[in-house]
Structure formats: C-alpha cells, structure tokens
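**Student:** sequence first, then the predicted structure:
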Amino acid sequence: MSDTILDIRELSVGYGRKGLALDSVSFSIPRHAIVGLLGANGAGKTTLIRSITGLLKINGGHVVSGSVAFDGQPVLGLPAHKRVGLGLAQSPEGRMVFSRMTVEENLMVGAAMLPRSRQDEGLSSIYRFFPRLKERHRQIAGLLSGGEQQMLALGRALISRPKLLLVDELSLGLAPILVNEIYGELGRIARSLGTTMLVVEQNAHVALKYVDTIHVLDRGSIGYSGTAEEAAGSEAMKRAYLGEGQKEGAA
Amino acid sequence: MKAYNFGSGFRAHMPKAIAAALVLGMATSGALAGDAPKDGVYADHIDWGVIMDLSGPTSSSQGVWTKGLQDYMAMLNENGGVGGRTVNVLAEDGRFNAANDKIAFDKLVSQTPVIALSGFGTSATQVALASEIRDGAVPVIGTYTPTKALSEPTSKMVYNGFCGYKQMADAGVGYMVEKLGLKNPKVMTVAIETAGGKDYADYVAAAVAKYGGTASSTTMKIAAVDVTPQVQQILAEKPDFITIYGIENTAILTMKTMQQYGLDTPGFGITYLGTKSVYNALGAEAGGNYSFISCFTPGGADESDGNKAMVSFADKAGHGDLASNINYVAGWVAGMTAETALKKVDGDLTRASLVSAIEGGFTVDPEGLAAPIVYTPEDHTGPQVLKMFGYDYAKETFVSYGDYADYEKYTK
Amino acid sequence: MFAQVLFSGFALGSIYGLVALGFAVVFKATQVFNFAQGALAVCGAYFAVTAISILGLPFPLAILAMLAASALLGVIIHMTLIQPLSGRSMLAIIMVTIALSIVIRAVIEIIYGPQGRVLSTPLPTGVFIVGDLRMPKLHLTAAATSWVCMAAFGAFFRFTRVGLLMRATADRHEAAMAAGVNVNLMNRLAWAIGSVLAGIGGLFLGQLQIVSTELETIGLLALPAVVIGGLQSIPGAIVGGLLVGMIEQFSSSYISPKSTDIAIYGFLLLILLFRPWGLLGDQETGRV
C-alpha cells in the first residue's frame, strides 16, 4: 500500500458547453497529512471537490480527462455513496445539515454505513469531540447556530471514521474566533484518529495556520504548491494568489 | 374514425388492398357511372350505414349491438341478400362524442354514401342531428336509443328500432307496482347525465303519477365510479323500488353499493342493462333484487325459431357468448327491420324509393325475438311490447316473467 | 343523515389519505409532482383484478402479488422516466407524469377493454346497522387498513434505518449524497412506496366500487388532498385526504352530487389564497 491516499492526475472538468473549470490539475495527498487547497472564489475549488466526491454530475459538470485515485483505486466512475463507503467523507460547503431532522438523526445518517454494533460507539466518540452536539442531540438541526451546524456537518462526516475527510469552506459565514476554535478542534481529532484531511479554504490566512502543505488553485490550474511555512514566507505566492486572485475573485 | 368494412379484412392487407382497389377502380368505373353510387347502391351490393360507439364508455353495449346487426346481414348475404345484392355494413365509431358522430354522419351521407342508416347510440347526437336527419334524404331505420327530438313528431325519415324509454317506463313501473302491490308508490330513478336520462326520468314520473305515487331522481356522470352520494339519497328517501338508466356500470355500481349499505330495495334497469355481465358482476345476492325491462328476448331464453336461428348463427360467427346479450338481439332485429324495409322497394333502389316504399307502413316479424313490430304512417315507435326479465344464477340463463301479451296493458 | 355522511366521508377519506400519502412520499423524496398517482391507483386495482379474477390466486397470495407488482411498477417508472430526467425543469417532469398517466390508461384499456371489472372479495361484505347509521363492513375494513398502512409507514420513516436515510434524502438531496446515502436507491424506494400506497388505495376503491380506468379521477383527489394538507407534510397528506373525503360526501349529500368538484377545488383555492403552505405544511418550504 502506497503512502498516497489521494492521487489526482491531469484532471480537466467542464460544465455544459462552457470552457474548462479545471484544466489539467495534478496533485496528491500523502496519508495522514493535512493539506490545504486554497484559491479565490471561482478558482475551481468546489469543482475539484465535487470531482473527488462524485457530486459533479448532479451539479451539471463532467470530467473531460484525467484520473482520480483514492487509496490506490480509481474512483471517477463510482457514484458518490460508494466513494463514501471507501472512506472518503466530506463536510460540504454551506454545511448542508438535514435541517428538519434532529442532531442525533443527522449523525445517524453518517453512521448508517457502519455495522449496527459500532454505531453507538461512533455516536459517543462524536459527542466526545463536540460536547455541544451532545447537549443539543434532540434539537432540530435547522435551529442550531452556524457554528453548531458546522460541528454537526463535521461530526456526520467523521462518525464513519473516514480515511480522508474533505472539509469544504468551513469558515464561510462564521465568526473568526469560532473558525479558529473549530479548526483547532478538527486538527486534534484528525491527528488523534490518523485521518487525512483536505481543507478547502478561501481564507488563506486561516488555512495556513492549520495545514502542513498547500496547493493554490488559480483559474482552474494549480498555481502554487508548497509547505505551509514556505507559502507563508513566499512573496511570489502572496502576489500570485492573494493579489490576482482577489481582483478576479468574482470571475 | 374507423370504417369496419364487413367481412373484408381490409386493414390487414393494406398495400395489397390499395393496389387491388386501384385496379378494380379502373376496371369498374365505367360500369358504375350509370349507376346511382351516391345512394350507396351498387350492381352487386348495397352499403348500409351504422353510427355507433365502437370504443369508449358505451361501446360495451353499442359495439355488441353492431355485431348483432352485422351478423344478421352476414346470414342474410349467405341466403342471397336482397334482390340479388349483398348488404355491406359500413360502421363508423362515434366514441361517445356527438362531434365524431356528426363527422361520421356527413361521411355516410356524401363521401361513402349509404342507402340508409342505423344506430345513433348517443342520445346527444340524435338531438343534435335531429333536424338534419328529418329534413335530409337518408332514412334512419332502426335507431338504438330513441329520443324525443328525433322521433316526435313522427317523420318518414326515422323508424325507431328499440323500445322507447316511455314504453320501458310504463311497462316497468306498471309491472313493479302490481307485483309489489303498491298503493301510492315511491319511485326513484337513478340515471346518468345525458339527454336520454332526463327523458327517461320524466317518463317514469308520468308513469308513477298514474298510480298516484311520487317520483324523484338522482343523476351521476357516465364515467362515475363512486355512487355513494346517490345511494345516500336512496337511503334518505327510502323508495319502494328504483329504476336505473345508463350503462352497465351504472347498474352494477348502484345495486352493488346498495348491497354494501344493506339496502335490498328492488330495482329494474332499462333494456340496455339486461346483460349477463351485469348479473355476473352483481352476484346472486345483489342480482336477486335486479331485473330489467326489455322488448327483446335474450338468446337462449326461449325456443322460438328466431331465437334458435340467431343462437346458431352467432355460434358459427364466433359470437356465441353475445347471443344472450340483449344488445346483440336488438342489433339482430334491426337487421331484420332493414331487410324488411329494403324488400318493400319495387324497381330501382334509391334512398328516395326506399323512403316512399315504407312510408305507408310495414311490419317486421322478429320470429319470436320480440313481439311483431308494426310501423304505421302515424307511428314509428318500433317495438312497443316489453316484459320483465331476471336471471337464474343456478342455470346461468335469463328468466322471463310472463308473456309479452301480459304486458300489453301497461303500454297501450 | 349527518352521521351517515360523516361515516362515508371518513371511510372514503381514509383511502384518499392513503393515496395522498403515497403522493407525498414521492414528492418529498424526488420533488416530483406526480400527476400519475391516480393512474397508479388504477394499476393497483387492475393488478388485483389480474391476480384475483384472471389468475385465480388465493386472496392473500393475490394481495402479495399485487403489492409486488405495484412496487415494481414504481421502481420501473423511477428508473426509466424520472431518474434520467433528474436535474431537468419541474415542468418537464410534470409533463412526463401526465403523459405516463395517459399511457397507463390507454394500455389498460387495450389489455382489459373499456368495460369496468368487478373485483370479487373474500372480505366481509355485510353491514352494521346502528339506529339510522349503516356501516358497510367493507368500508370499515378499507378505512382500518388505510390507517394501519399509514401508521406502519409512519413508523417505518420514524424508526428504521432505511426510513432515516429516506428522510435525509428528502430533506436535502446533495447533503445525503455527501453523507454517503445511496440517493437513487432511496428515491427508487420512495417511488415503490408511493406506487404501493396508491395500489392499496386502488384495490379498496375497486372493491367498494368498480375497477375501471375512471378510478383515476378518484385517485387524483390525492392532489387537492396534499395541497390542502401541505405539500411537504406526511400527516398533512393524511389529513388532506380525510378532508377531501368529507367535503366530497357532505357537498354531494347536502348540496348536490354535481357540486363535489366545486366544493373540493373551491376549498383548495381558499387554502392557496390564505394558507398556501397548507394546513400542516411548513411555511418556509411548503409554499405551493
């Protein structure tokens, strides 16, 4: 078994007849690493995540060429639920909790793929990580605060003990102090469980604090790759990504 | 619109038939030029038109009627036809829609002309086309549902071929009142919402009034599948008996729902509703309360010559199961009526000569399938003597209650 | 008279509620406004006719066969018509369901003929008479079965793992996919359930009345029922069905049999004007 958990090779993706949203993107994620994927709004981050998780098609996109291998297995042909079954979980952008179901029911959906005997154990471990969820386990998820919903989305993804967790735009719409708190907690959980994480962030300053290495997407291509330390000290990266990226952020 | 070209199997061999028709057309166009094809009379055959619902909600009765008429014509043709010509039935499907009937009517009047027409099962069509028929050139001989609009006052263009609703109401009400020994009968009519249904309810009310009783009515859509409201009304009004006007489903639904609610009020249906499928659907319990009034004797219900001939020909034609259907008998008798009318013509057969030949009246002898049908210059009512029939579930045959003669007093 | 009408309204309304529940399950899961729900009820009735009257299966076996056929029909419809259109406009999918209902009707008329059929039943057919009130046993059985089915499916959604996943799918499609739920399977299951509930409704309507394609009109009362009750609400569908049954029976008895459609759709109009999310619907998501 190789040390690479996710391997993306020359992946190109388009939506309808429009131009490519991803143009020959390649990178890989080593096992147990915490990797950041940065980029401005519209740079292709969400498209890349959808390609990895299998939610591309229902959003009208299609893979033009390239490959994605998870744990040594090509996954582009697999439906989303099968990828989750392989251990590829995600906490989607905008949190997307089941707003009319209770907190515990939300978590049980994530635990549904576990054998029945391990569901309770999964549930109690999530409650250990996020005590707030335990306090509110009977509450309707739609009535939780933004931070609590984010915890719930993470808990729902983590409950099945995935090998790779994709965290999509965690900071969106949350107070900075809350973002730092959740990222800190998430980092501890990932390291204690040995979960590999791919953290997608628009907010580079936040992300650089918690990840080992980063890849920057710029208009559909990888514009920069390096360790978090390198990136933090790199003028080139700051110019290339923070400069240009924000000007064309709305593209 | 489908043309049922009797006995030809035309549609199955379309390309061949078209080629043959072209050849035939070229070969015979000269010979036909001097004939009078606009009246549907040809050297070797006569075209006779039928407009009935061969599909749609009423097709279960009207389609069977059409088969009865076609089968009678087939038997007639086997025996040499009329005056050396065979009778070819052009049947058009009205699909329970007066607009379709109108198109079919125009077609049979001029495009593929026929000598005369039978059928017109949809009462709305009769009402709509009444003046056109009465002022037109094509006689209608043997109607299926007689309506006031078409048959009153008597016209030389219209000869009814089915017991009228008035006669059904008079004979049915009279028999029930007498049998149940009622003084001031309370009667309810259950009818579908058609022109004929309204007429029938009025006739029932008039018949009941003669006995000093009271009549009410309730209606439903032709395609009704739920008659709970109508049965609630029966529950509330508690009539001595009910009478049903409509299609088979109307009778089945009404009697069945009444049974579900534990009501054993007796009911009788109009002639069209006297079929085995109604009785089989009802079962012995609900069917025991149900009878029907008819001017035609179902096949197998007696041993008359006409009945035996019809049953054996129906068997031969593969319609053995239809012979006991009152609609089939009615179609068969309409065929007899058509034959009798055609045979009244001496010399050239045209629409005009046919109309004038029968204007003075004629009598059809249904050989026991009905009482003799007498058309006089003043009276084109058609079959006027009716009797009540029931069903014997053990023997699976219809039972006739008495003789036609016993019933003459109700309709005279 | 009042009690009698109330009884009939309750008995028939229970069946409408069952068919409406099937509609609501499909709508919640796949957001498809299924105009073929009435036709599915007709299919159930004809499956029963085929199993009982034509094949002559013993009643319990016939019912199982009819349920299986209904479920399979729902699955086939989802696989061949609904799933390939996912992501297309609601109008396109509505048109597909309308076309489907027309096709089903035509196919049934070709196979079984236009004449209605009578469904023989081994269920008790007597009547309980209490004073002036007549309660046919068949109506009681139909109402009781409807409520048992509704309770059973309610429990299924509330307490089972599959029910949980179906609710998750209905709640938020993409989130369910992200959470590893086999959304297509859940949707297929929703269609199977929707079709089975319609089928059971059709079976009882056929037994109480007559099996013909015209049963579709009664089956389609599920539509006003769910809109009245609240499109997104499962209890709303049941309450809506009951209300439609009551309105139908009361208006036909106290006004005229011809007034039922006016009464039902007039009430529907009032709901749409003053409470467009339905009696038990969710104001946020259930607006029609």
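**Tutor:** Done, it's in.

**Student:** tell me the contacts of B:A301?
**Tutor:** Residues in contact with B:A301, defined by Cβ atoms under 8 Å, 6 or more residues apart in numbering or on different chains, are B:307, B:324, B:389, B:397-400. C-beta here means a position set from N, CA and C on the backbone, and glycine is covered the same way.

**Student:** can you put those in TSV and add secondary structure and neighbour count?
**Tutor:** TSV is the format used below for the contacts of B:A301 (DSSP: H, G, I helix; E, B strand; the rest coil; neighbours: other Cβ atoms under 10 Å in any protein chain shown):
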residue	secondary structure	neighbour count
B:N307	helix	22
B:S324	coil	20
B:F389	strand	22
B:T397	strand	16
B:F398	strand	24
B:V399	strand	12
B:S400	strand	16
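
**Student:** specify which member of those residues is nearest to B:S55.
**Tutor:** Distances from B:S55 to the contacts of B:A301, taken as Cβ to Cβ, are shortest for B:S324 (22.9 Å).

**Student:** check contacts around the closest one.
**Tutor:** B:276, B:298-301, B:397-398.

**Student:** the residue of the stretch 1-150 of chain A found nearest chain C: neighbour count?
**Tutor:** Nearest to chain C in the stretch 1-150 of chain A, going by Cβ to the nearest Cβ, is A:V84, at a distance of 3.0 Å. Neighbours of A:V84 under the rule other Cβ atoms under 10 Å in any protein chain shown: 25.

**Student:** correct me, but B:T243 touches B:V177?
**Tutor:** No: in terms of Cβ atoms under 8 Å, B:T243 does not count as a neighbour of B:V177; the distance is 11.6 Å.

**Student:** so which of these two has more stuff around it?
**Tutor:** Neighbours were counted for B:T243 and for B:V177 using other Cβ under 10 Å; B:T243 has more, 31 against 23.

**Student:** any idea of the pLDDT on that one?
**Tutor:** Listed pLDDT for B:T243 reads 97.

**Student:** look up the residues forming beta bridges with it.
**Tutor:** Note on B:T243: beta-bridge partners B:T189, B:F268, judged by DSSP bridges.

**Student:** which residues of the stretch 1-150 of chain C lie near chain B?
**Tutor:** With Cβ under 8 Å from any Cβ of the partner chain as the criterion, the stretch 1-150 of chain C meets chain B at residues C:1, C:4-5, C:8, C:12, C:113-118, C:120, C:125-127, C:129, C:134, C:136, C:138-139.

**Student:** the same query, at a cut-off of 10 Å, please.
**Tutor:** C:1, C:4-5, C:8-9, C:11-12, C:42, C:45, C:109, C:113-120, C:125-129, C:132-139 (Cβ under 10 Å from any Cβ of the partner chain).

**Student:** what residues are up against A:L78?
**Tutor:** A:54, A:68, A:70, A:84-86, A:88 (Cβ atoms under 10 Å, 6 or more residues apart in numbering or on different chains).

**Student:** relative to A:T47, how far out is it?
**Tutor:** In this view, A:L78 and A:T47 are 18 Å apart by Cβ to Cβ, to the nearest Å.

**Student:** and B:K256, helix, strand or coil?
**Tutor:** At B:K256 the chain is in helix, as set by DSSP: H, G, I helix; E, B strand; the rest coil.

**Student:** quick one: neighbours of it, just the number.
**Tutor:** Neighbours of B:K256 (other Cβ under 10 Å): 24.

**Student:** close enough to count as contact, it and B:G267?
**Tutor:** No: B:K256 is beyond contact range of B:G267, at 11.3 Å (criterion: Cβ atoms under 10 Å).

**Student:** identify the contacts common to those two.
**Tutor:** B:A286.

**Student:** just the residues of the stretch 1-150 of chain C next to chain B: which are in helices?
**Tutor:** C:4-5, C:8-9, C:11-12, C:42, C:45, C:109, C:137-139 (DSSP state H).

**Student:** for the closest residue to A:G173 other than its chain neighbours, what are its contacts?
**Tutor:** Spatially, and ignoring its direct neighbours in sequence, A:G173 is nearest to A:G146 (5.7 Å; Cβ to Cβ, 6 or more residues apart in numbering or on different chains). Contact analysis of A:G146 by Cβ under 10 Å, 6+ apart lists A:95, A:172-175, A:178.

**Student:** again, only using 8 Å
**Tutor:** Neighbour list for A:G146: A:95, A:173-174, A:178 [criterion: Cβ under 8 Å, 6+ apart].

**Student:** how far away is it from A:V97?
**Tutor:** Separation of A:G146 from A:V97 (Cβ to Cβ): 11 Å.

**Student:** got the contact list for the residue nearest in space to the middle of chain C?
**Tutor:** Chain C has C:V19 as the residue nearest its centroid, 1.3 Å off, counting by Cα atoms, centre = their mean. Residues in contact with C:V19 (Cβ under 8 Å, 6+ apart) are C:37-38, C:41, C:197-198, C:201-202, C:219, C:221-222, C:225, C:241.

**Student:** now intersect those with the helices, please.
**Tutor:** Of the positions in the contacts of C:V19, C:37-38, C:41, C:197-198, C:201-202, C:219, C:222, C:225, C:241 sit in helices, assigned by DSSP H.

**Student:** burial of the closest residue to chain C within the stretch 101-250 of chain B, as a residue count?
**Tutor:** Closest contact between the stretch 101-250 of chain B and chain C, by Cβ to the nearest Cβ, is at B:P229 (3.5 Å). B:P229 is flanked by 24 other residues according to other Cβ under 10 Å.

**Student:** again, but for B:I46
**Tutor:** Neighbours around B:I46, by other Cβ under 10 Å: 24.

**Student:** you'd agree C:L272 is up against C:V227?
**Tutor:** Yes: contact criterion Cβ under 8 Å: C:L272 and C:V227 qualify, at 7.1 Å.

**Student:** helices along the chain, start to end?
**Tutor:** With no chain named, the answer covers chain A. A:45-53, A:80-86, A:103-111, A:116-129, A:131-135, A:146-158, A:176-193, A:204-210, A:228-233, A:235-237, A:245-247.

**Student:** hmm, I had chain B in mind actually
**Tutor:** Using DSSP H, helices in chain B cover B:14-33, B:59-78, B:98-106, B:123-135, B:148-151, B:165-180, B:195-210, B:228-237, B:248-260, B:276-287, B:305-316, B:326-343, B:351-359, B:404-411.

**Student:** could you say what helices and strands the fifth one packs with?
**Tutor:** Right, the one you point to is helix B:148-151. helix B:123-135, strand B:140-143, strand B:158-160 (3 or more Cβ pairs under 8 Å, 6 or more residues apart in numbering or on different chains; DSSP states H and E).

**Student:** so of the ones you listed, which one's packed in deepest?
**Tutor:** Burial of the helices and strands packed on helix B:148-151 is given as mean neighbour count (mean count of other Cβ atoms under 10 Å in any protein chain shown); strand B:140-143 ranks first at a mean of 28.

**Student:** elements contacting that one?
**Tutor:** Against strand B:140-143 (3+ Cβ pairs under 8 Å, 6+ apart) you get strand B:117-119, helix B:148-151, strand B:158-160, helix B:326-343.

**Student:** who's in contact with the second one?
**Tutor:** Here helix B:148-151 makes contact (Cβ under 8 Å, 6+ apart) with B:120, B:126-127, B:129-130, B:133-134, B:140, B:143, B:158, B:160, B:164, B:195, B:199, B:380-381.

**Student:** kindly export that helix (C-alpha atoms) in PDB.
**Tutor:** Extracted as PDB, the C-alpha positions of helix B:148-151 are listed here (Å, rounded to 0.1, in the frame of the first residue of the first chain):
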ATOM      1  CA  LYS B 148     -88.000  12.700 -28.300                       C
ATOM      2  CA  ALA B 149     -86.100  15.100 -30.600                       C
ATOM      3  CA  LEU B 150     -85.600  12.600 -33.300                       C
ATOM      4  CA  SER B 151     -88.800  10.600 -33.100                       C
END
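
**Student:** kind regards, and thank you for your time.
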